[in-house]
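Build me a model:
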Amino acid sequence: MFGILSGSGKARYSRKTMVKVLGICTTILLLNIALLAWLWAIAVEHFTVPVEYNGPPHQRGHKPPYPGDTMDNLWWFIHISDIHISRFRDPSRTTDFQKFCTNEIDIIKPEVTIVTGDLTDAKDWDHVGSKQYEIEWKAYHNAIKFGHVQEKTVWIDIRGNHDAFKVTHKTHSVNYYRRYSAMGEKGDTTFMYQHKLPFGTYSFISVNAILDPGPGRPFNFFGYIGKDDIEKLEHYVDESHHSNHTMFFGHYPTSTIIGEQFRLNNALSQGIAYLCGHLHSLGGMIPNMKALQKTGSLELEVEDWKINRMYRVMAYDHDLLSFNDVNFGEWPVVLITNPKRARFMAPKHEPVDKMIHSTHIRFLLFSPSPITLATVAIDGVDLGPAKHVEGPLYVLPWEPAKFMDGLHTITVTAKNAAGDVTNTGYRFSLDGSRPMQWFAASLFLMGDITCGLQFLCIFVGFWFVLSLPVVRWLTKSSAGYRHHGLPRSLVVLVHNNMYLYSILGIAIYPLIGPWCIGEIIEGHYGASTLLGLYVNGTFIPETFSYAVVFVDILLFQLPMTIYFALHLDCYQPTVSNGSITMKSNRRAKRPLCLCSSVTSFACLVSMFIWKIYLCYSAYACYGPLALFTSKDLWTMVFVLLLRSKLVRSKQYYREMNGNGQTS
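Take a look at the predicted model:
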């Protein structure tokens, strides 16, 4: 099992091997640091440097009418997403949404309201399994019905991934969206709505990337747009060519859509913005998920209603798009429409030069009680109170020529009769200057999350799978390897064929084999793999599995390797002159030290908590058959067998050492 060396030869070999290992590891580490630093520099520049527009000025930029002191060429609408009405948790989601449909809609009076999916939660009581609950859909339907929203606004609601959990096909009876939503069957595909006003037509085109059939969670995180939907999308883009503006909306951000992505990006580049939800601002960690794509179009994810109770008020003022994200129940709502925010200027699609010719600062105020104060300041200088024109519009004369250079800060302060005060401000520019884009938001919206997960999975998996054979090749043998701690333990591990090949097999299997067989969608059984799901004669591409593999390496495979390495080093004898002896391995005479014991216990806990969670997820999501056929269940059984063999080996060699036996 191990090489045979004399005592002095062992020492020389150990030192030589250690120098070689340290040299190679140091070189690899430095190369990785250099590579990561280079990639980081490229990423920062790519995602934060403002997108330059080098095309011709917008054709309506220097043509009247210009923003002044009248209500002409102005209208507004609302965007809301991820409502997640649930029968099991947080009833206030539903009651607050009912109030929104009544109060906010009555006060703001949007001409259009766009709801971009996840109307219901569709999760089981344990927050793991999923299915469509009709009672949740009835609650959503009652909220919009008794709020009379369809009488007050054009209510456009579409499905999200939660609304498709375990829906066999669009016409299936459990697709409650068609029965209880405002759009019904028409909204269950790619479609276009055109809002026609005296001063122009504004097109809204849906992006349907919902999986069909819709598997249960967790493998329903990424959307997919196929050939039929992309052709419809391109057809509607051509039809909307003569609109004042074209705006797209869908549930998934573009970074989480797979399929015809090149054609999708090309189609979306023909509109001023793409409205979406789904990411929930990553649990509130990135509250401003907004970016200007390299194509010159905006991508604007709105924070969720589910936890944050957010919605977005948007307006076209002389074809300049403005918006403000608002917390439910906070008043007054302030939306500045002129000058427009510099960060979100889209000169490719909107006449930004109209700001230069404007005569008034313009903003909208919405409040359940009368407005008592509305003032404007630029760069900290108070310009005085604004004048109420009509409806929610307030204006204040200004001279754009004074602010032609660089970025400036505008602040609007509004107060209502109830004593509520709102301060809203941002930076604007009239010469095209703009601040840097938000890095985190741009990374998740402009990047490709699918490719990112695949890179992480391959990178970590590559180093993990290759590192053990490389250590084995470098060390040749563990005999005479006198260094202690984890390095020695790993050397002992890689020279034990049974444990080395077992660990490598456990690491490689998820990449090539089926993960489980179960009830992937209602009434239909299929198989889950790394690349996607096979069910009902259909392959459903899904890349969330790469995230599972990445976490599995961190929480199971790496701890498993460390655990067995520490215990093999402690339990297993060394070989010298063909004989087994415990004296040559001093650590075999005593249990693990405190540090190693704590590390070993932490690894064991991590391994089994993670695998037990995955096994329960398989059962809750896809049924008992999925649990029985789960790779995680049998991996856990196999690891327990390896551990039991390790314990038996420990007892055997301790008995040998106690009896003074050698062989």
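
And the helices in the stretch 1-150 of the chain?
Taking DSSP state H, counting those that start in this stretch as the criterion, the stretch 1-150 of the chain carries its helices at 7-48, 92-99, 105-108, 134-146, 149-152.

Out of these, flag the one nearest residue 633.
Among the helices of the stretch 1-150 of the chain, the nearest to residue 633 by CB to CB is helix 134-146 (31.4 Å). Yep, even glycine has a C-beta here, placed from its N, CA and C like the rest.

what packs against that closest one?
Counting contacts by 3 or more CB pairs under 8 Å, 6 or more residues apart in numbering; DSSP states H and E, helix 134-146 packs against helix 92-99, helix 177-180.

Could you save the helices of the stretch 1-150 of the chain as TSV and add columns showing distance to residue 631, mean neighbour count and mean pLDDT?
Shown next, in TSV, are the helices of the stretch 1-150 of the chain (distance: least, CB to CB, whole Å; neighbours: other CB atoms under 10 Å; pLDDT from 0 to 100):
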stretch	distance to residue 631	mean neighbour count	mean pLDDT
helix 7-48	30	13	71
helix 92-99	36	17	96
helix 105-108	49	18	97
helix 134-146	32	18	96
helix 149-152	47	15	95
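
quick one: residue 202 is in a helix?
No - checked against DSSP: H, G, I helix; E, B strand; the rest coil, residue 202 lies outside a helix; its state is strand.

For residue 363, which residues are in contact?
With CB atoms under 8 Å, 6 or more residues apart in numbering as the criterion, the residues that contact residue 363 are 334, 335, 336, 337, 338, 374, 376, 386, 393, 394, 412.

circling back: need the helices of the stretch 1-150 of the chain in TSV with distance to residue 520, can you?
Shown next, in TSV, are the helices of the stretch 1-150 of the chain (distance: least, CB to CB, whole Å):
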stretch	distance to residue 520
helix 7-48	36
helix 92-99	28
helix 105-108	39
helix 134-146	21
helix 149-152	35
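
roughly how far is stretch 289-307 from the heart of the chain?
In terms of CA atoms, centre = their mean, to the nearest Å, the centre of stretch 289-307 is set 12 Å apart from its chain centre.

Now it: buried residues?
The neighbour-count check on stretch 289-307 (16 or more other CB atoms under 10 Å) flags 289-293, 295-306 as buried.

circling back: so which of the helices of the stretch 1-150 of the chain comes closest to residue 529?
Short answer: helix 7-48, nearest of the helices of the stretch 1-150 of the chain by CB to CB, at 29.2 Å.

show me what contacts residue 389?
Residue 389 neighbours (CB under 8 Å, 6+ apart): 69, 70, 71, 395.

What of residue 133?
By CB under 8 Å, 6+ apart, residue 133 lies in contact with 87, 120, 122.

which one of the residues you listed is nearest residue 353?
Using CB to CB, residue 120 comes nearest to residue 353 of these, at 44.6 Å.

so that closest one touches residue 93, yeah?
No - shown here, residue 120 and residue 93 do not form a contact pair, counting by CB atoms under 8 Å, at 10.1 Å.

what do these two both touch?
83, 84, 85, 86.

so what's the nearest residue to the first one once chain neighbours are set aside scoring on pLDDT?
Taking CB to CB, 6 or more residues apart in numbering as the measure, residue 83 lies nearest to residue 305, with 4.6 Å between them; neighbours along the chain are not counted. pLDDT recorded at residue 305 is 96.

for the chain, where's the lowest mean pLDDT among helices and strands?
Within the chain, no helix or strand scores below strand 579-581, which has a mean of 38 by mean pLDDT, DSSP states H and E.

buried sites along the following helix or strand past it?
Next helix or strand after strand 579-581 toward the C-terminus (DSSP states H and E): helix 594-622. Within helix 594-622, the residues that count as buried by 16+ other CB under 10 Å are 596, 599-600, 603-604, 606-607, 610-611, 614-622.

Average pLDDT for the helix or strand following helix 594-622, rounded please.
Proceeding N to C from helix 594-622, the next assigned helix or strand is helix 624-628, under DSSP H and E. Averaging pLDDT along helix 624-628 gives 92.

Tell me how far helix 624-628 lies from the chain's centre.
Here helix 624-628 shows a centroid-to-chain-centroid distance of 29 Å under the convention CA atoms, centre = their mean.

got a list of contacts for that helix?
When contacts are defined by CB under 8 Å, 6+ apart, helix 624-628 is touched by residues 516, 517, 518, 519, 525, 528, 615, 618, 619, 633.
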